[in-house]
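[1] Return a 3D structure for these sequence lines:
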Amino acid sequence: MAACVDKWNPTYSSCRLSDAIRYRFMPDCAMADCPVSAADADVNVVCRDDVWDELRSEARADADAEPLLGMFYADLVLSRPSLESALAAHLAAKLCIPGALPQDALRDLLAGALAAHPEAIRDTRADLLAARDRDPACGKMVHCFLYYKGFLALQAHRAAHALWSEGRAAPALLLQSRASEVFGVDIHPGARIGGGILLDHATGVVIGETAVVGHDVSILHAVTLGGTGKASGDRHPKVGDGVLIGAGASVLGNVRIGDGAKIGAGAVVLRDVPCGTTAVGNPAKAIGKKAAPPRRPEEQPGVTMEQRWSDYVI
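    A predicted model of the protein is given here:
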């Protein structure tokens, strides 16, 4: 795994899949028209969309089992040609304002932003897999796609971030505002967020403008990745790959949370947390004599959702 500080370089981009995503997302769950950067050219990618195919299969099964859902599933999933198209239409229906922000125009804005930034929709597929694999309440990806506000808020952010990166601040901030109002999740469009993210329950999550979140991170409800209120410029946390942040935790300032770290529920983090370390309390302190040994990506806390820390207690 790359050194912890690589992702905090200002040139860091979520476009490149880290090993944490590759181990379960590529190449077995590749997607159609899936562009791969030169850095990822060593991966033998089969361009098909297994995630979309599985989601549609789940939708058909639900519609067959519950006829009441037939038209609902047909409109939102089964009649759509791709995950991108379905997502843009679904978000537009959620975020539109009748008489002020037309649904069709908003759908076109979302679809265009996603189409111009293939890394965003690639990360969306990893987010769906993350919900299916990590959330015991998520039996099917189609349920996450249709109903989970954490997932939907994150996808609205991905579109907003795409617009923000193009210098289109006004529509990006519009999407942020509407997502905050509708889903109760406030993510600044400038924040950079990797793939395979689980926002579990998600209510009250706040992520600031200069925050960076790595791949395969799990964040529970009421988490704040914010500033201290005194700094300007680069003022928000940098969260590594495979991190787990417990409910109600606050990480404040330009601090670094290393790969595979755990932040306990209700913790207030004001200082850097080393890779593989568990931090709890207010102010948060590391538990244990030293950081845990390096883990394989699939054993990172952000993937396993293991919140106990007895192994680290002194």
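[2] Would you check how far apart the residue nearest to the spatial centre of the chain and H188 are?
    A centroid search over the chain (CA atoms, centre = their mean) returns I197, at 3.3 Å, as the residue closest to the centre. Applying CB to CB, to the nearest Å, the value for I197 to H188 is 15 Å. C-beta coordinates here come from the backbone N, C-alpha and C atoms, glycine included.
[3] Make sure L225 is indeed in a strand.
    Yes. Judged by DSSP: H, G, I helix; E, B strand; the rest coil, L225 forms part of a strand.
[4] partner residues bridging it?
    Beta-bridge partners recorded for L225 (DSSP bridges): I207, V251.
[5] cool, L199 as well?
    With DSSP bridges as the rule, L199 is bridged to I219.
[6] who touches it in this structure?
    Residues near L199 by CB atoms under 8 Å, 6 or more residues apart in numbering: 150-151, 153-154, 185, 205, 219.
[7] Tell me if I'm right that E84 and G112 touch.
    No. Contact status for E84 versus G112: not in contact, 10.3 Å apart, counting by CB atoms under 8 Å.
[8] higher neighbour count, the two?
    Neighbour count, other CB atoms under 10 Å: between E84 and G112, E84 has more, with 21 against 14.
[9] Quick check: what element follows the helix or strand that one falls within along the chain?
    Per DSSP states H and E, E84 falls inside helix 83-95. Going down the chain from helix 83-95, the next helix or strand is helix 103-116, by DSSP H and E.
[10] where does A202 fall, helix, sheet strand or coil?
    Assigned with three-state DSSP, A202 falls in the coil class.
[11] Check the nearest residue to it once chain neighbours are set aside and give its pLDDT.
    Excluding the flanking residues, the one nearest A202 by CB to CB, 6 or more residues apart in numbering is G150, at 3.0 Å. G150 carries a pLDDT value of 98.
[12] Could you dump the contacts of L199 into JSON lines and include neighbour count and distance to R132?
    Formatted as JSON lines, the contacts of L199 follow (neighbours: other CB atoms under 10 Å; distance: CB to CB, whole Å):
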{"residue": "G150", "neighbour count": "25", "distance to R132": "14"}
{"residue": "F151", "neighbour count": "28", "distance to R132": "11"}
{"residue": "A153", "neighbour count": "24", "distance to R132": "18"}
{"residue": "L154", "neighbour count": "25", "distance to R132": "15"}
{"residue": "V185", "neighbour count": "24", "distance to R132": "20"}
{"residue": "V205", "neighbour count": "24", "distance to R132": "20"}
{"residue": "I219", "neighbour count": "29", "distance to R132": "17"}
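[13] Among those, which lie within strands?
    Those of the contacts of L199 mapping onto strands are I219, per DSSP state E.
[14] With distance to R107 added, can I get the contacts of L199 in a markdown table?
    Output for the contacts of L199, formatted as a markdown table (distance: CB to CB, whole Å):
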| residue | distance to R107 |
| --- | --- |
| G150 | 21 |
| F151 | 18 |
| A153 | 17 |
| L154 | 18 |
| V185 | 20 |
| V205 | 25 |
| I219 | 28 |
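[15] what ranges do the helices span in the chain?
    With DSSP state H as the criterion, the chain has helices at 19-25, 50-65, 70-73, 83-95, 103-116, 118-134, 141-147, 149-165, 169-183, 301-304.
[16] For G248, which of the ones you listed is the nearest?
    helix 149-165 (15.2 Å; CB to CB).
[17] now that closest one against helix 103-116, angle please.
    70 degrees (axes from the mean of the first three to the mean of the last three CA atoms, to 10 degrees).
[18] packing partners for helix 149-165?
    Packing contacts for helix 149-165, counted by 3 or more CB pairs under 8 Å, 6 or more residues apart in numbering; DSSP states H and E, involve helix 83-95, helix 103-116, helix 118-134, helix 169-183, strand 186-187, strand 192-193, strand 198-200.
[19] Distance of the residue lying closest to S82 once chain neighbours are set aside relative to G196?
    Setting aside the residues directly before and after it, S82 is nearest to W52 in space (CB to CB, 6+ apart), at 6.5 Å. According to CB to CB, W52 stands 17 Å off from G196.
[20] what distance separates stretch 253-261 from the centre of its chain?
    17 Å (CA atoms, centre = their mean, to the nearest Å).
[21] Likewise for stretch 144-160?
    Put simply, stretch 144-160 sits 8 Å off its chain's centre (CA atoms, centre = their mean).
[22] Just the CA trace of it, in CSV.
    What follows is stretch 144-160, C-alpha atoms only, in CSV (Å, rounded to 0.1, in the frame of the first residue of the first chain):
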residue,chain,number,x,y,z
CYS,A,144,-29.2,1.3,-1.5
PHE,A,145,-29.6,3.0,-4.9
LEU,A,146,-33.3,3.8,-4.3
TYR,A,147,-33.5,4.5,-0.6
TYR,A,148,-30.3,5.2,1.2
LYS,A,149,-29.8,8.9,1.7
GLY,A,150,-26.1,8.6,2.5
PHE,A,151,-25.5,7.0,-0.9
LEU,A,152,-27.7,9.6,-2.7
ALA,A,153,-26.1,12.5,-0.9
LEU,A,154,-22.6,11.2,-1.8
GLN,A,155,-23.6,10.9,-5.5
ALA,A,156,-25.0,14.4,-5.5
HIS,A,157,-21.6,15.5,-4.1
ARG,A,158,-19.8,13.6,-6.9
ALA,A,159,-21.7,15.6,-9.5
ALA,A,160,-21.2,18.8,-7.6
